[in-house]
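K.L.:
here is my input; please provide its structure:
(one chain, ligands or ions: 1)
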Amino acid sequence: MAVITQIQETVRFIQSVYKHSPEVGVVLGSGLGNFSKEIEVELEIPYSDIPHFPVSTVKGHQGKLVFGFMEGKRIVAMAGRFHFYEGYTTDEVVFPIRVMKFLGIRLLMISNAAGGVNPSFNVGDLMVIRDHISFATPNPLIGKNQDELGPRFPDMSEPYKKHFIRLAREVARQSDIHIHEGVYFAVTGPTFETRAEYQMIHHMGGDAVGMSTVQECIIANHMGLPVFAISVITDMGIREEENVITHEEVLEAAKAAEPKLTAIFKGIIARV
Ligand code: HPA
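P.N.:
Residues are numbered from 1 along each chain as shown. Coordinates of the predicted model:
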């Protein structure tokens with residue numbers, strides 16, 4: 001079945017149970033699902049109930065769409081996302097982003113847990129993503145272009161909109177939250193990087209490294225949907241000599257930093 005037909009069927013299903021149009025879509029990364037507790041919930045739909053949606057398999061990912069209000073705006077949040085390393089195709093990874101666009105969102109906000117490769121970062125810091133390096137992961141637009149969704153060769157000169165980065169700076173200043181800005185280097189995972197790989201990523205211009213986000217960002221850009229994204233630095237891949245990185249540590253650090261992330265997201269939502 002053509003992707004556009006799948007999207008239309010899924011959107012029709014969601015609109016049959018939820019009559020409103022969200023303004024903002026939010027993707028919650030590993031250990032960051034608590035954000036949805038701040039939503040004045042109108043409706044939750046488990047992924048397993050949504051036609052054509054894949055089902056999330058990773059610990060710490062709840063797997064549902066949450067519809068409701070935040071700061072007086074209607075939003076939809078993905079509690080749990082799909083990663084390429086789980087075995088989903090790139091089409092499956094990005095499907096919910098396409099659906100949210102067709103539900104009417106005008107801004108996509110993405111969060112993720114990431115490894116720090118900029119030596120000035122610390123565990124628990126936030127990094128607003130200014131740009132990304134995606135060539136170590138499969139591009140989700142490979143294959144026949146879906147002309148109904150966007151152009152064959154999309155521009156990627158401003159993958160994360162400067163306007164929202166400026167808003168984030170303003171919110172951070174007012175809330176007394178320290179944020180970094182930097183380049184997110186995407187890998188497929190599921191292995192964390194070797195020490196040599198962390199060094200290489202640092203030399204190639206990455207400030208943080210992670211296993212998500214860029215495919216979602218590319219698909220949003222393809223459709224002309226503005227993106228804002230933040231990484232929570234959950235471990236430091238360089239600087240420490242003997243550090244062993246575990247998924248548990250990543251989840252714990254993400255959870256600890258979540259209130260800061262929530263404050264930034266809320267502040268931006270209030271201003272859109
Ligand atoms: N590398 C890749 N992905 C990650 C990391 C990391 O160090 N930490 C959290 N997600």
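K.L.:
quick one: neighbours of the closest residue to the ligand within the chain, just the number.
P.N.:
Nearest to the ligand, among the residues of the chain, is Gly115, at 2.1 Å (CB to the nearest ligand atom). Every C-beta, even on glycine, is put in place using the N, C-alpha and C of the backbone. The tally of other residues near Gly115 (other CB atoms under 10 Å) stands at 26.
K.L.:
so which residues on the stretch 1-150 of the chain come close to the ligand?
P.N.:
113-115 (CB under 6 Å from any ligand atom).
K.L.:
can you list the residue ranges for helices in the stretch 51-200 of the chain?
P.N.:
Using DSSP state H, counting those that start in this stretch, the helices of the stretch 51-200 of the chain run over 90-103, 162-175, 195-203.
K.L.:
any chance of JSON lines for these, columns distance to Ile218?
P.N.:
Output for the helices of the stretch 51-200 of the chain, formatted as JSON lines (distance: least, CB to CB, whole Å):
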{"stretch": "helix 90-103", "distance to Ile218": "8"}
{"stretch": "helix 162-175", "distance to Ile218": "17"}
{"stretch": "helix 195-203", "distance to Ile218": "19"}
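K.L.:
tell me which of the ones you listed is the most buried.
P.N.:
helix 90-103 (a mean of 22; mean count of other CB atoms under 10 Å).
K.L.:
near the ligand at all, the helix ranked longest in the chain?
P.N.:
If you go by DSSP state H, the chain has its longest helix at helix 247-271. Yes: Helix 247-271 reaches the ligand (CB under 6 Å from any ligand atom) through Val250.
K.L.:
run through the neighbouring helices and strands of that helix.
P.N.:
The contact analysis (3 or more CB pairs under 8 Å, 6 or more residues apart in numbering; DSSP states H and E) places helix 247-271 against strand 73-79, strand 107-116, strand 126-133, helix 162-175, strand 227-236.
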